[in-house]
Every structure is written in C-alpha cells, then in structure tokens.
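Asks: structure, please.
(one chain, ligands or ions: 2)
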Amino acid sequence: MSVERVCAQSGLLVDGDTRVAADPCEYFHPAVGVQVGCGRLRCTSCKAWVRAGPPGLGLMENTRFDLRALHAAPDWAALPFLEQGYVLFNRRRLYACTCLHWTAESVAPIENDHELESEPNLPWGCAGHPAPELPVRLTQLVIDAQASWPQLVDAILRGSCPRELERREALGPEPGLWLAWLYVYLRGLAVADELSAAVADRLLDADPQVVGRVLYFFIHFSRARGVDKVIAHAEADLHRVALGYPIPETPPAPTLWAVLSTRLGNAPDPRDALDARVESMVERLLFVPRSSLPHDDLGPLGTGDFERQRRERLGWDPDTLEYVLNDFARLRASERADVVGHALGRSASMFAGAERRRFIADHIVEIDQAAPGRWRQVMTLLSDWHGKPAQGHLIVLAGARVIQAHLATPDELRAWISARRSYGWVNDAWVAPLEAMLAAT
Ligand SMILES: [Zn+2]
Ligand SMILES: [Zn+2]
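Replies: Ligands and ions are numbered 1, 2, ... in the order given. So this is what the prediction gives:
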C-alpha cells in the first residue's frame, strides 16, 4: 500500500515563533500535536520551491524589489530591502517564490476557507516528503532495518525523544506524541509497521499512562499494524471500553471506545473483516447498560489536573483559569457521561450507511433502555443530513417507537422537534406524521 507523505491541509505557513521543518522527511500531521511549517512548499504558478525566511526578517515599507532576486539570494539577511522587525514584529516570517510573497504573522494552513484577509490564498502546496533512508539517527535512537522495536518503543516511553518538537505547553516528556511523530516520519517504510506492532504490545502495561499512550497512538492510526490486538482486547471484555487513561500530552483521556470510534468512522468502502468486527462490537455496545459500563479515569492524575498544569505554565491569571477550567470540566463531563450516547448524537460518520441507520431506528427502544434519554441522541442522528431524503422515513419509524414505548412524554418530543429546527434535516415529511401521532396520544 502506498502511503501519502504530505503535510495535512497542504502544509502550514508558520510565524517566526514556530519551527519550519529543516529535514525534508518531516511533515505536519495533527496526531503529533504540534504545528511545524512545511519545508517543501512549491508554487503551482512559477513552479519554484517556496523559500521561508528567518524569524522577524521582513520587507521594508514602500520598498521596490525584484522577487526573482529575493528568491535567488543566498542570504536574505544581507538584502538591502529586508529588515529585522522591531520586537513587536519579531513573530513574522517572510515566504517567497518567484511570483509571490507572503508574510506569516500567525500559523495558517494553505488549505483554508479564505474568509479572512489574514488567511493565505496562495498557489502553493506541500510537494510531499521523501521517506528517510535507513539507518537514521534521531537524537539517541538509531533506527536501521535490524532495529529492536520493543527496545526502541520502551526507550521512547521512558523519555528518549526522537525529535525536539518545541511544544511550549509540554508538561514534561511526551512519549505519546513522540511515538506518533516517529510513525509519521517512518511511514512508507517496513519499519513503521514494526513500530506500530511494538506499540500495540504495550497495551496491557501496568502503568495506566503507558496504556493511554498506546490508545492515543491507535486512535490516530486506527489502521496501523497491531490494531487487531487492541480490537481483540476490547472484544474480550466489552465492559472496559469506556475506561479513560489520561495522559499529560493532550486531552481527552484516551479510551478503547475512541479507537473503535475512529476506526469505524473512517472505514473505507468496502470495509474489511476487522471493520466488521468493530461494527458488530459497537452494535452490541449500544445495548450494554450504561450502569455496567464504567467511565472512570485510571491513573493518579485526571485530564483536568493536566489541563490546569498546562494553563498555569502558560501564565494564565487565576480568575480566567478557574473560568476556563470549569468550562473544560463541564465539556469533558458531557462527553464522558455516556460515551456511546454521545457518539450517537455527534458522530454521524460512525453510524453511516442505510443498513446501520435502519438497525439503530429498529432498536431505539433497547438503546434507550441501556441508558434512558438516549432516544434524543438517536433521533438527532437519524435527522441529520446523512442519506436524506432517502432515509427520512427512519425518523418517523423511530419516533413512532419512542411514542409507543413512552420513552418520552409528548412535550419532551415536541421540545426536541422544536430544538432540532436550528440544525439538521427538518422536513414536513417527518415532522407532520410525528406531530399527528403526538396529537392522537
Ligand atoms: Zn510562484
Ligand atoms: Zn509538506
């Protein structure tokens, strides 16, 4: 299988405070949790490679200059029409091809909505990044075809960093991100498979943070080699899929459920045998009572503790900090109250396809019995834009069951319909029949 080694969003243009990748093999991937400027941007108009200047160096005002001369100059600092900014402008970074230039004062992806003037609208894009040639030395780690991956993964989990990521908010060692970085860096080489398989082998580690890092890895790379072990582990005891394993790297606390969710949500068509196992597991989980599906976070510190430490480190004032942390806690609690129900209401891609939607509509009563109130999330799912108008009848089918089984009072259902009008596929084709049924009760 060929692997695309390109920056996400066609590459980032970064300000002077953010690193531009100097190594052509390094590229931006969101799983790494840190932004890095693409070092291989190319212009589709003039075909030149885009050059990025050092932090702070920018064009003098009202100056006349030749873009070709700028692009060809070996040392931009020596050019008479460029100057180092005052302290205020030190964040800027000048980019140029032979037909255009751009001053980045923040970090922005090349692919964006172009709604604001500050968002780049340029004919530039990531030209792809070659895979590294082995052997490669990354700080203390040496990677060659004979590398012992259990040892390398263990070294990273114990604090060996393959590349300094310059994450200002880091609370300490961040092996979860480093493993993701290394996997992204090696993708396309056979050793990347050995790396992910060795990560999976640490799933049953006694340290909950190691488990959290393994889960973090497979949440982001849910088709990497070794994920079958993670899936088999979930199958062996469905009741532990919602347990959280907080890690200091980033919220939320990774769970087995999140691995299942990303695997199913991003499954290609046709799905493979492992996808089918995940799908069947998720269907069974819809019926597992919430009361027998513990959602506890394991480990000495919770996601909220890490969030507090991170923001304190960034120097937030106490009042703002408390406000933001309370908000953070509320959001986390709403996501963690019932992960299955939350996914029903929020994760349309996980429950896509006519058959799966039909299954959910047919079983709304059992799904609600597992966690009373889930009828709302199911109805919200069924009335989104997916498969409309073809699957619109499922809303009526499920709504009739809600009424017959008294899952909701008529007022509750009416309130849901009225709230639904702000977003989603709201159409008389289903609103009228449901209102008629409500009127008849
Ligand atoms: Zn150009
Ligand atoms: Zn790139």
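
Asks: break down the stretch 301-441 of the chain into its helices, ranges please.
Replies: Using DSSP state H, counting those that start in this stretch, the helices assigned to the stretch 301-441 of the chain run over residues 303-313, 318-336, 339-346, 354-362, 364-370, 374-382, 393-404, 410-420, 428-440.

Asks: residues making contact with the shortest one?
Replies: Taking contacts as Cβ atoms under 8 Å, 6 or more residues apart in numbering, the residues outside helix 364-370 that touch it are 286-290, 340, 344, 360, 374-375, 378-379, 398, 401-402, 405, 407. Heads up, the C-betas are built off the backbone N, CA and C, glycines and all.

Asks: please save the CA atoms from that helix in PDB.
Replies: These are the backbone C-alpha positions of helix 364-370, laid out as PDB (Å, rounded to 0.1, in the frame of the first residue of the first chain):
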ATOM      1  CA  ILE A 364     -34.200   2.700  19.500                       C
ATOM      2  CA  VAL A 365     -36.200   1.200  22.500                       C
ATOM      3  CA  GLU A 366     -33.400  -1.200  23.500                       C
ATOM      4  CA  ILE A 367     -30.800   1.500  23.000                       C
ATOM      5  CA  ASP A 368     -32.800   3.900  25.300                       C
ATOM      6  CA  GLN A 369     -33.300   1.200  27.900                       C
ATOM      7  CA  ALA A 370     -29.500   0.800  28.100                       C
END
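
Asks: and it, which residues are buried?
Replies: Going by neighbour count (16 or more other Cβ atoms under 10 Å), the buried part of helix 364-370 is 364-365, 367-368, 370.

Asks: average model confidence for that helix?
Replies: When the per-residue pLDDT values of helix 364-370 are averaged, the result is 98.

Asks: about what we covered before: redo the buried residues of helix 364-370 as CSV? Include distance to ligand 2.
Replies: Below are these laid out as CSV (distance: Cβ to the ion, whole Å):
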residue, distance to ligand 2
364, 46
365, 50
367, 43
368, 47
370, 45
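
Asks: intersect the residues you listed with the contacts of ligand 1.
Replies: Restricting the buried residues of helix 364-370 to those near ligand 1 by Cβ under 5 Å from the ion leaves nothing, as none qualifies.

Asks: between the residues you listed, which sits nearest residue 64?
Replies: Lowest distance from residue 64 to the buried residues of helix 364-370 (Cβ to Cβ) belongs to residue 367, with 68.4 Å.

Asks: confirm that residue 83 sits in a strand.
Replies: Yes. Applying DSSP: H, G, I helix; E, B strand; the rest coil, one finds residue 83 inside a strand.

Asks: doesn't residue 56 make contact with it?
Replies: No. Residue 83 sits out of contact with residue 56 when judged by Cβ atoms under 8 Å, with a separation of 9.1 Å.

Asks: so for those two, which sits in the more crowded spot?
Replies: The neighbour count for residue 83 versus residue 56, taken as other Cβ atoms under 10 Å, is higher for residue 56 (19 against 16).
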